[in-house]
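Participant: Sequence first, predicted model second:
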Amino acid sequence: MVEMFFLTRQRDVHQQEPYSIMLLSGPPSCGKTSLLFQFAINSASECSSSNRKVVFICNRRRLETKPPYLSQGIDPSSDIFQRIKMKYVDDDDGIKKYFAAFHLNDTCPAAIIVDDFGYFFNESKKGPCKLVLSDTHHGESPRLLFIYKRWIPTIFTVKGDGVGSFLLKYNNYSGNGSSKSTGIAKYSIAFQYLFLEAIIEDGDEQ
């Protein structure tokens with residue numbers, strides 16, 4: 001499932017998505033926004049045959065100050081960006097107003113991505129919708145992991161490998177709180193690009 005955050009031809013990963021709510025957590029400056037934006041591009045590509053779009057919710061000032069890096073091979077002028085709707089909010093009132101008017105949408109978005117903000121969303125009757133949240137943590141794991149894993153079964157965590165790259169790890173949490181890792185992606189941010197270095201399969205219980 002970690003392939004969802006990169007430009008890759010391994011399309012079978014999307015047939016394995018059992019959950020509609022996911023959390024991406026990592027330390028500052030590890031490329032979370034870049035990973036989320038590539039997720040948005042992939043989600044928009046999957047629904048290109050319909051009129052559904054992907055909503056990317058974020059703070060405009062922060063995004064313009066530190067814009068996401070695109071994966072190498074992505075055309076910045078591609079029409080796929082027309083399928084990604086940017087929703088800029090300044091505070092929690094902005095996101096509350098968006099979801100308060102959610103029922104007025106003619107079609108349900110294919111995915112809603114919230115950059116650096118935690119908010120829970122129940123699946124709409126208009127169709128399934130992925131919700132991807134991001135959070136910044138200091139240390140080895142999210143400070144509120146014990147809360148997150150109670151409500152969010154799919155959690156991706158990022159940590160540095162000590163030599164300039166990052167490891168994106170997929171954890172699937174069961175009802176009893178135990179986790180099973182089924183994939184690790186090694187990537188780096190260099191020359192204003194998001195580089196996928198390797199995909200490592202790992203099914204060891206933790």
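Facilitator: Arrived safely. Bear in mind the structure is a predicted one, so any value in this text is a computation, not a measurement.
Participant: Now do the strands in this protein.
Facilitator: 21-26, 54-58, 84-88, 111-114, 130-136, 154-160, 166-173, 179-190, 193-200 (DSSP state E).
Participant: where does Gly26 land on pLDDT?
Facilitator: At Gly26, the predicted lDDT confidence score is 89.
Participant: could you list every residue that touches it?
Facilitator: Counting by CB atoms under 8 Å, 6 or more residues apart in numbering, Gly26 makes contact with 32, 134, 136-137, 157-159, 166, 168. C-beta here means a position set from N, CA and C on the backbone, and glycine is covered the same way.
Participant: Please report how far it lies from Leu35.
Facilitator: 8 Å (CB to CB, to the nearest Å).
Participant: Just name the shakiest helix or strand of this protein by mean pLDDT.
Facilitator: Lowest by mean pLDDT, DSSP states H and E among the helices and strands of the chain is helix 145-151, with a mean of 74.
Participant: What helices and strands are in contact with it?
Facilitator: strand 21-26, strand 154-160 (3 or more CB pairs under 8 Å, 6 or more residues apart in numbering; DSSP states H and E).
Participant: List the buried residues in it.
Facilitator: 145, 148-149 (16 or more other CB atoms under 10 Å).
Participant: My understanding was that Ala110 contacts Glu46; is that so?
Facilitator: Yes: using CB atoms under 8 Å, Ala110 is in contact with Glu46, at 6.9 Å.
Participant: When these two are compared, which one has more neighbours?
Facilitator: More crowded of Ala110 and Glu46, by other CB atoms under 10 Å: Ala110, with 22 against 16.
Participant: From Ala198, how far out is the more buried one?
Facilitator: 28 Å.
Participant: likewise Phe166?
Facilitator: For Phe166 relative to Ala198 (CB to CB), the value is 12 Å.
Participant: Looking at the two, which has the bigger crowd around it?
Facilitator: Shown here are Phe166 and Ala198; by other CB under 10 Å, Phe166 has more neighbours (22 against 10).
Participant: Longest helix of the chain, counting residues only.
Facilitator: As assigned by DSSP state H, the longest helix anywhere in the chain is helix 32-46.
Participant: Show residues contacting it.
Facilitator: In contact with helix 32-46 (CB under 8 Å, 6+ apart) are residues 4-7, 14, 24-26, 53-54, 56, 58, 63, 66-71, 74, 80-81, 83-84, 110-111, 113, 115-116, 130, 132, 134, 136, 158, 168, 189, 194.
Participant: Whichever of those residues end up buried, select them in ChimeraX.
Facilitator: To isolate the buried ones among those in ChimeraX, judged by 16+ other CB under 10 Å, type:
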select :4,5,6,7,24,25,26,53,54,56,58,63,68,69,70,71,74,81,83,84,110,111,113,115,116,130,132,134,158,168,189,194
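Participant: which one of the buried residues of helix 145-151 is nearest Gly183?
Facilitator: Lys149 (17.3 Å; CB to CB).
Participant: The residue lying closest to the closest one once chain neighbours are set aside - how many residues pack around it?
Facilitator: In space, Lys149 comes closest to Tyr173 once its chain neighbours are excluded; the distance is 4.3 Å by CB to CB, 6 or more residues apart in numbering. Residues near Tyr173, counting by other CB under 10 Å, number 19.
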